[in-house]
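> give me the fold of what follows.
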Amino acid sequence: MPSPYKPRVFITYTDIDKHGKELGAKLKKELEASGYDVFFFDHSAKRSIGRPLWSVLAGEIDNRDAILVVCTEGILASYGAEFEYNHALQREKLVVPMIYDEAPVPSPLASRVRDPPFDDQTYAREFKTVAETLPSAYRSHLKDQEQRRKLKAKLQAQPKTEPKEVLPSPRAVMLLRSITTAYYSSSLIQEISTVENYNPSIHGDLGFTQIGVRVPVLSANIEAKNRVYLVDELGRSIALGERNYLRDVWEKTREHRYPSERFTAEGFQDVLDELSKGINPKVLLAPIEKFVEITSWMLRNPRGIRLTSSLRKYFSLRDGRDLRIVWSNKYSPLDRFLLVDPAATRWLVKPDEFTGGRLTAKLVENARDRDKVDFYVRTIVNAELANVDGVRPFRFGEAA
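Prediction:
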């Protein structure tokens with residue numbers, strides 16, 4: 001009888017505390033002795049890997065079957081570990097948290113805990129048990145995946161609830177174009193993320209979020225010459241929705257704090273130069289509460305500020321790179337600065353089936369009133385923070 005398939009393993013750990021790396025290495029040794037193919041990355045190794053680390057790790061996770069997460073006391077503070085297990089969950093890998101002593105368990109993994117915690121006396125027995133039971137756990141995982149796929153296929157086979165589109169008049173076409181133009185002129189997505197069109201054969205089966213609005217209007221009023229519709233706001237609202245969505249994606253990036261006395265023209269320049277090292281930021285998202293101070297610096301000493309013909313403001317770093325400054329507002333609030341390298345975030349979008357663009361803007365039937373139609377504006381996206389170090393939040397007024 002052939003031996004059961006041993007899943008290819010990726011070990012996630014943190015070296016913030018003194019136990020994570022040591023236990024991860026011992027787990028690797030036990031698994032390899034049992035015939036497993038194991039990937040264990042030594043984060044302290046001083047060597048060049050030729051491409052961004054997050055790309056290497058993401059590629060390894062994609063090629064593995066099971067991710068074992070060694071949860072030690074520092075696991076919640078590890079942005080690297082968080083990226084690894086979140087990437088694995090998104091790729092629907094078998095993710096198994098292993099808890100050392102009284103260490104916390106990241107909330108996305110809480111429902112996946114199988115075994116009780118281990119300690120310095122019991123770790124060897126626990127690692128051996130994992131080596132023995134992982135093949136059966138992986139088979140169960142594959143069965144669960146297949147059941148989910150069948151259920152999803154069944155749901156997809158049901159009639160779609162997409163609202164019925166209304167053929168637009170020439171004036172309505174003009175209004176829809178105005179919405180689209182306003183969206184593209186307001187959207188920051190291409191400056192604060194890496195945008196790709198979703199391709200299931202390349203990206204696999206992912207969950208998506210719809211950012212959209214649906215606004216009813218009397219059909220007759222669309223054609224009335226004495227009616228003026230500020231439909232541009234519908235396009236701008238989608239652009240603001242994108243920023244709010246990414247703000248949530250970036251929520252757990254490590255924040256840098258500086259004392260209030262550094263919030264001067266010179267100190268602000270120093271902070272930006274310091275935080276820009278090692279990344280290639282393109283945009284600085286700034287809280288509107290700091291507008292007065294920063295504007296006053298610009299008026300007194302405009303050397304570090306560049307204003308383009310489109311009235312976009314750019315802050316020049318000392319090494320010659322430019323950062324576009326974008327202020328928050330009440331619809332997209334911020335209480336801190338965000339320095340953003342677009343390569344840090346992958347933005348997958350389901351393109352419009354007719355235009356191929358990121359935005360869908362059309363008229364659809366109003367389900368309640370035949371005399372009305374709805375402006376239906378949306379974008380369908382999946383955002384993934386691929387490099388947690390590529391978005392650097394910071395604020396002033398706190399102890400450094």
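> what segments of this structure are helices?
Secondary structure of the chain, counting by DSSP state H: helices at 20-33, 53-62, 79-90, 123-157, 170-186, 189-192, 200-203, 219-223, 232-249, 265-275, 291-300.
> what's the first one in contact with?
Right, helix 20-33. 9, 11-15, 38, 40, 42-44, 68, 70, 72, 74-75, 78, 98, 100, 123-124, 127-128, 130-131 (CB atoms under 8 Å, 6 or more residues apart in numbering). Where C-beta positions appear, they are placed from N, C-alpha and C, glycine not excepted.
> rewinding a little: adding mean neighbour count and distance to residue 324, write the helices of the chain out as JSON lines.
JSON lines is the format used below for the helices of the chain (neighbours: other CB atoms under 10 Å; distance: least, CB to CB, whole Å):
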{"stretch": "helix 20-33", "mean neighbour count": "18", "distance to residue 324": "39"}
{"stretch": "helix 53-62", "mean neighbour count": "16", "distance to residue 324": "24"}
{"stretch": "helix 79-90", "mean neighbour count": "20", "distance to residue 324": "25"}
{"stretch": "helix 123-157", "mean neighbour count": "13", "distance to residue 324": "40"}
{"stretch": "helix 170-186", "mean neighbour count": "17", "distance to residue 324": "13"}
{"stretch": "helix 189-192", "mean neighbour count": "18", "distance to residue 324": "6"}
{"stretch": "helix 200-203", "mean neighbour count": "10", "distance to residue 324": "28"}
{"stretch": "helix 219-223", "mean neighbour count": "14", "distance to residue 324": "36"}
{"stretch": "helix 232-249", "mean neighbour count": "19", "distance to residue 324": "13"}
{"stretch": "helix 265-275", "mean neighbour count": "16", "distance to residue 324": "13"}
{"stretch": "helix 291-300", "mean neighbour count": "13", "distance to residue 324": "14"}
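> reformat these as JSON lines; add mean pLDDT and distance to residue 315.
As requested, the helices of the chain are exported to JSON lines (pLDDT from 0 to 100; distance: least, CB to CB, whole Å):
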{"stretch": "helix 20-33", "mean pLDDT": "95", "distance to residue 315": "39"}
{"stretch": "helix 53-62", "mean pLDDT": "84", "distance to residue 315": "26"}
{"stretch": "helix 79-90", "mean pLDDT": "87", "distance to residue 315": "26"}
{"stretch": "helix 123-157", "mean pLDDT": "88", "distance to residue 315": "46"}
{"stretch": "helix 170-186", "mean pLDDT": "93", "distance to residue 315": "20"}
{"stretch": "helix 189-192", "mean pLDDT": "94", "distance to residue 315": "14"}
{"stretch": "helix 200-203", "mean pLDDT": "80", "distance to residue 315": "34"}
{"stretch": "helix 219-223", "mean pLDDT": "86", "distance to residue 315": "43"}
{"stretch": "helix 232-249", "mean pLDDT": "93", "distance to residue 315": "19"}
{"stretch": "helix 265-275", "mean pLDDT": "91", "distance to residue 315": "7"}
{"stretch": "helix 291-300", "mean pLDDT": "76", "distance to residue 315": "9"}
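> of all those, which lies closest to residue 381?
Comparison of these against residue 381 by CB to CB identifies helix 232-249 as nearest, at 7.3 Å.
> packing partners for that closest one?
For helix 232-249, the contact count by 3 or more CB pairs under 8 Å, 6 or more residues apart in numbering; DSSP states H and E identifies helix 170-186, helix 189-192, strand 209-218, strand 372-385 as packing neighbours.
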